[in-house]
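A.B. asks: could you work out the structure for the sequence below:
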Amino acid sequence: MKGFLKDERGIALILVLWVMVLLTVIAGEFSHTIGTEVEITRNFKEETQAYYIAKAGMFWMIGELVANTYLPHPGFFKGNEDTADDLRWRLTYDMPAIPFGEGQFQVRKENESGKVNLNLAGRGLLRMMLNDFEIEDAEKEIIVDSIMDWRDQNGLTHTNGAENEYYQSLPEPYRCKNGDFTTIEELLLVRGVTPGIFYGGLREMVSVCQDADDSIKAGSKRKAMVDFNRININAASARMLRSLPGMTEDSVEAVLAFRDKRNFRSRSELYTAVGPETYRAISTYMTMKPSPYYTLQSTGLARENQAQKGVRAVVKIDRKLEKGYEIIQWVDGLEY
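C.D. replies: Next up, the predicted model:
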């Protein structure tokens with residue numbers, strides 16, 4: 001009898017120990033799950049904070065641009081553009097980070113006048129934008145003619161272009177648009193434009209922003225607010241500058257160095273910066289007139305764990321608009 005009781009007590013002890021082990025495992029797993037959920041919630045909260053900080057930065061920049069249409073910054077008239085406060089008025093500039101709430105935002109601004117308009121640029125400018133790409137001349141002609149075929153409203157094919165007959169013969173056929181580009185991504189549908197060319201720099205060089213009343217096409221004698229056959233020297237990217245005829249790497253660096261201090265305000269300043277030979281080569285392609293369209297990118301940073309989110313928008317700034325601006329395109333939640 002005594003041996004039987006001892007056996008029962010031993011079994012009970014083992015069972016108790018197993019129950020304790022099981023409870024310990026369950027408690028540990030529960031604690032781990034709770035910790036993971038807390039971390040996920042914290043990350044979500046901070047990413048949400050970063051997103052709304054980025055959004056605040058976007059509308060802050062839009063407000064600054066709208067305000068400038070009513071009360072232009074005095075630096076434009078006094079030639080005093082070399083102070084930190086004046087940097088926001090550059091056509092293309094990365095603003096320093098600005099504290100906001102429990103984080104900060106940073107805004108990049110690009111004026112669309114520094115890009116080639118796919119709908120309105122003439123053959124010369126379309127051909128020129130491909131100068132810095134390592135592709136054969138024959139491929140460049142195919143791309144230029146195919147862009148013109150894509151946007152024109154007829155079924156006639158340019159010498160090296162493509163219309164429905166070509167696109168319908170592809171493994172996954174589609175129709176030639178025969179109308180204006182509505183997004184720059186449409187370029188990927190155009191004959192000759194490969195993902196390597198598009199994502200390798202071309203997408204940063206082109207725009208589709210336009211106003212029917214403000215535009216002119218190649219050969220048009222009608223006056224317009226923006227000449228889409230010229231590139232704004234103050235808004236052009238380094239890649240765009242390298243595509244201009246006669247531009248050497250030294251000339252590109254000279255233009256960028258000048259713009260680090262202030263915008264070009266006269267052709268004589270450009271002449272001095274790049275020299276007479278380069279100036280003669282690029283002068284017919286150059287303007288200093290901005291477009292009412294801007295591409296803005298705002299990055300929000302939450303301080304606690306450095307979570308980052310971004311938003312990008314194409315915005316038209318015009319006093320004639322009810323709010324002074326119009327958002328043409330908005331892209332949410334950019335990751336970094």
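A.B. asks: contacting residues for the closest residue in space to Ile328 that isn't next to it in sequence?
C.D. replies: Nearest non-adjacent residue to Ile328, counting by Cβ to Cβ, 6 or more residues apart in numbering: Val314, 4.4 Å away. C-beta: built from backbone N, CA, C; applies to glycine. When contacts are counted by Cβ atoms under 8 Å, 6 or more residues apart in numbering, Val314 touches Glu112, Cys209, Tyr293, Tyr294, Thr295, Leu296, Ile327, Ile328, Gln329.
A.B. asks: who wins for most neighbours among those residues?
C.D. replies: Within those, Glu112 tops the neighbour count with 27 neighbours, counted by other Cβ atoms under 10 Å.
A.B. asks: quickly note the distance from that residue to Thr248.
C.D. replies: Distance of Glu112 to Thr248, computed by Cβ to Cβ, to the nearest Å: 26 Å.
A.B. asks: circling back to that earlier point, in JSON lines, list the contacts of Val314 along with pLDDT, distance to Leu202 and secondary structure.
C.D. replies: Shown next, in JSON lines, are those (pLDDT from 0 to 100; distance: Cβ to Cβ, whole Å; DSSP: H, G, I helix; E, B strand; the rest coil):
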{"residue": "Glu112", "pLDDT": "92", "distance to Leu202": "15", "secondary structure": "helix"}
{"residue": "Cys209", "pLDDT": "86", "distance to Leu202": "16", "secondary structure": "coil"}
{"residue": "Tyr293", "pLDDT": "93", "distance to Leu202": "19", "secondary structure": "strand"}
{"residue": "Tyr294", "pLDDT": "93", "distance to Leu202": "20", "secondary structure": "strand"}
{"residue": "Thr295", "pLDDT": "93", "distance to Leu202": "15", "secondary structure": "strand"}
{"residue": "Leu296", "pLDDT": "94", "distance to Leu202": "21", "secondary structure": "strand"}
{"residue": "Ile327", "pLDDT": "92", "distance to Leu202": "25", "secondary structure": "strand"}
{"residue": "Ile328", "pLDDT": "90", "distance to Leu202": "20", "secondary structure": "strand"}
{"residue": "Gln329", "pLDDT": "88", "distance to Leu202": "18", "secondary structure": "strand"}
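A.B. asks: farthest pair in these?
C.D. replies: Maximum pairwise distance among the contacts of Val314 (Cβ to Cβ): 14.1 Å, between Glu112 and Ile327.
A.B. asks: ok, Met20 - how many residues close by?
C.D. replies: Applying other Cβ under 10 Å, I find that Met20 has 10 neighbouring residues.
A.B. asks: quick one: average pLDDT of whichever strand or helix holds it?
C.D. replies: Assigned by DSSP states H and E, Met20 falls within helix 2-70. In this model, helix 2-70 has a mean pLDDT of 74.
A.B. asks: equivalent analysis for stretch 159-167, please.
C.D. replies: 93.
A.B. asks: report the buried residues of it.
C.D. replies: Within stretch 159-167, the residues scored as buried using 16 or more other Cβ atoms under 10 Å are Asn160, Gly161, Ala162, Glu163, Tyr167.
A.B. asks: done for today, thanks.
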